[in-house]
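Engineer: Predicted model follows, preceded by the sequence.
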Amino acid sequence: MNETKKNIIKAALKLFLQKSYKEVTMEELLRITGLSKGAFYHHFQSKEQLFKVIVSLFYNLGTIDYSAFPIDSLKGFYQQYVASVTESLQQMFAYIGSDGQGESSYNFFLILFDAQRLFPEFKEVEQQQYEEDRKAWEYVIRRAKRKKEIRTKVPDEQIAQLFLFLTDGVFLRFVSDNSNPDYASVLMEAFDSLYSGLR
């Protein structure tokens, strides 16, 4: 991606963090990017395409590559998961020019809801990502049961869902409450509690 495109995306993102997709006008996009209409359309066909590129970028940043995760221990797996999620969040917040605190981070989350509501393909992307996450967790949970690391009769899928739901719940609390800025330690504490209950 060339520098002009990156600058357009960063400038436009500031608007989308302040307003919904429908509220942002082409005139505002041109003003904030400093481009003429022709120059803008040289890089993006429309406001819709620009918005979709921004949303896709954040979905890609949020996608976790499980291939290098340890699979011999559920605890080792979730520790690596917390590190990966934290790194993804730091990349997202660096991109939007935020330290992860306050309104801009919360509005970023709303951009994703806006995208799913307006463009059904993003709902499908979200569902596919969730299924891949769940399968990775289920695989490690099955191994942990076989090795007697955990001794629960709770079905693998339900345990996987609990870990993923904890991730989402802690994140929602994190972006809406500035009093506890350490996402990783709160998530790790929640995972450790769940893990203890499974042993």
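Structural biologist: Perfect, thanks for sending it. Numbers count the residues shown, from 1 in each chain.

Engineer: in the chain, which helix has the most residues?
Structural biologist: What stands out as the longest helix in the chain, according to DSSP state H, is helix 120-146.

Engineer: for the helix or strand that that one is followed by, packing partners?
Structural biologist: For helix 120-146, the following helix or strand on the C-terminal side (DSSP states H and E) is helix 156-176. With contacts taken as 3 or more CB pairs under 8 Å, 6 or more residues apart in numbering; DSSP states H and E, helix 156-176 sits against helix 74-95, helix 103-118, helix 120-146, helix 183-198. Bear in mind the C-beta positions are built from the backbone N, C-alpha and C, glycine included.

Engineer: quick one: contacts of helix 156-176?
Structural biologist: 78, 81, 85, 89, 100, 105-106, 108-109, 130, 133-134, 137-138, 141-142, 145, 152, 180-181, 183, 186-187, 190-191, 194, 198 (CB atoms under 8 Å, 6 or more residues apart in numbering).

Engineer: which stretches of this structure aren't confidently modelled?
Structural biologist: Applying pLDDT under 70 to the chain flags the ranges 1, 97-106, 175-181.

Engineer: how is it carved up into domains?
Structural biologist: Domain assignment for the chain by automatic domain parsing gives 3-54, 63-198.

Engineer: State the distance spanning the first to the last residue of the shortest one.
Structural biologist: As for domain 3-54, its first-to-last residue distance stands at 15 Å under the measure CA to CA, to the nearest Å.

Engineer: Same question for the last one.
Structural biologist: Using CA to CA, the gap from the first to the last residue of domain 63-198 comes to 27 Å.

Engineer: Any idea how far it is from the middle of the chain?
Structural biologist: The chain centroid and the centroid of domain 63-198 are separated by 9 Å under CA atoms, centre = their mean, to the nearest Å.

Engineer: could the helices and strands packed on helix 156-176 be laid out in CSV, adding mean neighbour count?
Structural biologist: Formatted as CSV, the helices and strands packed on helix 156-176 follow (neighbours: other CB atoms under 10 Å):
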stretch, mean neighbour count
helix 74-95, 17
helix 103-118, 17
helix 120-146, 16
helix 183-198, 16
